[in-house]
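Peer 1: here is a sequence together with a model predicted from it:
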Amino acid sequence: MNYTLPTEVKNILNKLQQSNFQIYIVGGVVRDLLMESASRLISDWDFATDAKPEEILKLFPDGFYDNKFGTVGIPSKDTKHLRGEEMRLHLGGGIFEITTMRKEGIYKDHRHPVEVSWTKKIEEDLARRDFTINAMALDTTLVIPRERSDRGNLHNPLKIASLVVRNDNLILVDPFNGQQDLKNKLIRAVGDPNKRFQEDALRLIRAIRIATELEFEIDPKTLQAIETNAHLIKKIAFERIRDELFKILSSSNPYAGIVKLKSAGILQIILPELEECFGIVQKGPKHDRVYDIGEHSLLTLKYTAPKDPLVRFAALLHDIGKTKTVKIEPDGNVTFYNHDVVGGKLVLEIAKRFNLSNKQTDKLYRLIRWHLFTVDEQQTDSAIRRFIKNVGIENIEDMIALRIGDRLGGGTQKAVSWRMEEFQKRIKEVLKKPFSITDLKVNGNDVMKELNLKPGPKVGEILQKLFEEVLENSSKNKRDYLLKKLKSLK
């Protein structure tokens, strides 16, 4: 595969090399290039260098540096207009990150190193990274061929004959055989996996997230270390857990990712409400199948089509209220009355725990609180309007998708029933009909003229009465009818 580095990337490499600094391409982009997935847009460009942060900033005056980990952010041409916090929120998406190479150190709180020690050896920098497929670097010396005294320090350099930049091959620095693990589709920790996870407990869920996204397996020793250290995830802020979880939910197979979280013992820590669903079976004379609520929730997630992680999160959590409402009836049937109401309350607590925004919380609540909506061909326009109001116009398609996932996750073979098809048609019809007083075929001037009233609250009250009648039967929204109705209100 021939791949041309973006001009901005070349400029960064060249500027540092011309100033006699080492500079390597590192991180996920190396993995993507080796997997020949560079045909997709790569925006997360990371570099490692022996230049100190202050030296990097001299070369890139537009850069910013406000951390102790040696990372300088360089805005791309698409983000130069951003400032302050807005720019920092763009990290990993249009911001080039250049980090001074550092050695392993002692970590505190299973997340942050106590101190940072710089190094001039790329192997030492790679040794502190999480997984072998992320512990590779591309030596870019050949972008501008020149003499360099440290060439002999490279460990196990491999030429990538298929990766060409300016007709010169780059050199892969791969001291931990990440290329082989990439070929074998394996996630393996660098060095001692227990040590890696104890340094940074976020790596516990990160390993599962990467395995899910790439559809890789996890090395047995690494997996065992995840299970052994699962309790350390409690040390990590839920905002960081949320970000990794939502990436799992956005993947092509979120079902597999959540199953891995459960088997590793992480799910019960971050989502105990969902974990409690496993083992609760809905069965009885009225049921042909035996349902484990937890497995049903996973299957609902599997069959919920939208890749929006929030919609998939709702699919995963839609039945959590059943654990609080389970009841065995005299006939042996198991019921969960009002589990949608209880689930709505529970998910508000979960949203707060994961620090979701108000908008995200509102949508998540609506999808779970109202997921038991009735689909009946006899429903009135008013009933359908109540459904739209409860769910929110902007959430209707996602709610339908959730219902389909729920249906398929319950063992039904057909995704959409004829009643659902009719219900969707009715929604479209009703959406074309009036939803506010301003849509009435009469207005306040008509009321005052017909009833000889002056402007005031009484006019609004009368319009409201007319509106309520039209809501029940939209065919009544005709000017002649409403004017006649006004006369009866004298």
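Peer 2: Thanks, I have it. Residues are numbered from 1 along each chain as shown.
Peer 1: just checking, residue 96 touches residue 12?
Peer 2: Yes - with contact defined as Cβ atoms under 8 Å, residue 96 counts as touching residue 12 (6.1 Å). C-beta here means a position set from N, CA and C on the backbone, and glycine is covered the same way.
Peer 1: name the residues contacting each of these two.
Peer 2: The overlap between the contact sets of residue 96 and residue 12 (Cβ atoms under 8 Å, 6 or more residues apart in numbering) consists of 47, 74.
Peer 1: quick check, residue 172 in a helix?
Peer 2: No - under DSSP: H, G, I helix; E, B strand; the rest coil, residue 172 falls outside any helix and is assigned strand.
Peer 1: how is the protein partitioned into domains?
Peer 2: Described in terms of automatic domain parsing, the domain architecture of the chain consists of the residue ranges 7-183, 186-270, 275-431, 437-488.
Peer 1: let me have these in a markdown table, extended by mean neighbour count and mean pLDDT.
Peer 2: Supplementary listing: the domains of the chain in a markdown table, determined by neighbours: other Cβ atoms under 10 Å; pLDDT from 0 to 100:
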| stretch | mean neighbour count | mean pLDDT |
| --- | --- | --- |
| domain 7-183 | 17 | 75 |
| domain 186-270 | 20 | 97 |
| domain 275-431 | 17 | 91 |
| domain 437-488 | 14 | 88 |
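Peer 1: which non-adjacent residue is nearest residue 116?
Peer 2: residue 102 (5.2 Å; Cβ to Cβ, 6 or more residues apart in numbering).
Peer 1: and if you look at residue 125?
Peer 2: Counting by Cβ to Cβ, 6+ apart, residue 125 lies nearest to residue 101, which is 3.9 Å off, once chain neighbours are set aside.
Peer 1: what sits against the one you found?
Peer 2: The neighbours of residue 101, taking Cβ under 8 Å, 6+ apart as the test, are 22, 48, 49, 50, 70, 118, 119, 120, 121, 122, 124, 125.
Peer 1: in the sheet, who's paired with the residue nearest to residue 116?
Peer 2: Legend: beta-bridge partners of residue 102 under DSSP bridges are residue 118.
Peer 1: hmm, back to that, show me the contacts of residue 101 that map onto helices.
Peer 2: For those, the ones inside helices are 122, 124, 125, with DSSP state H as the criterion.
Peer 1: in a markdown table: those residues, plus distance to residue 172.
Peer 2: Converted to a markdown table, these look like this (distance: Cβ to Cβ, whole Å):
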| residue | distance to residue 172 |
| --- | --- |
| 122 | 11 |
| 124 | 17 |
| 125 | 15 |
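Peer 1: as CSV, the contacts of residue 101 with distance to residue 467 would be great.
Peer 2: As requested, those are exported to CSV (distance: Cβ to Cβ, whole Å):
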residue, distance to residue 467
22, 72
48, 65
49, 67
50, 72
70, 63
118, 70
119, 72
120, 75
121, 75
122, 71
124, 72
125, 68
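Peer 1: thinking again about what came up before, how near is the residue nearest to residue 125 to residue 47?
Peer 2: Residue 101 sits 10 Å away from residue 47 when distances are taken as Cβ to Cβ, to the nearest Å.
Peer 1: residue 321 too?
Peer 2: Taking Cβ to Cβ as the measure, residue 321 and residue 47 are separated by 48 Å.
Peer 1: next one: residue 272
Peer 2: In this structure, residue 272 and residue 47 are separated by 41 Å, where distance is defined by Cβ to Cβ.
Peer 1: and what of residue 64?
Peer 2: Separation of residue 64 from residue 47 (Cβ to Cβ) stands at 15 Å.
Peer 1: please apply the same query to residue 228.
Peer 2: 34 Å.
Peer 1: residue 99 too?
Peer 2: As defined by Cβ to Cβ, residue 99 lies at a distance of 7 Å from residue 47.
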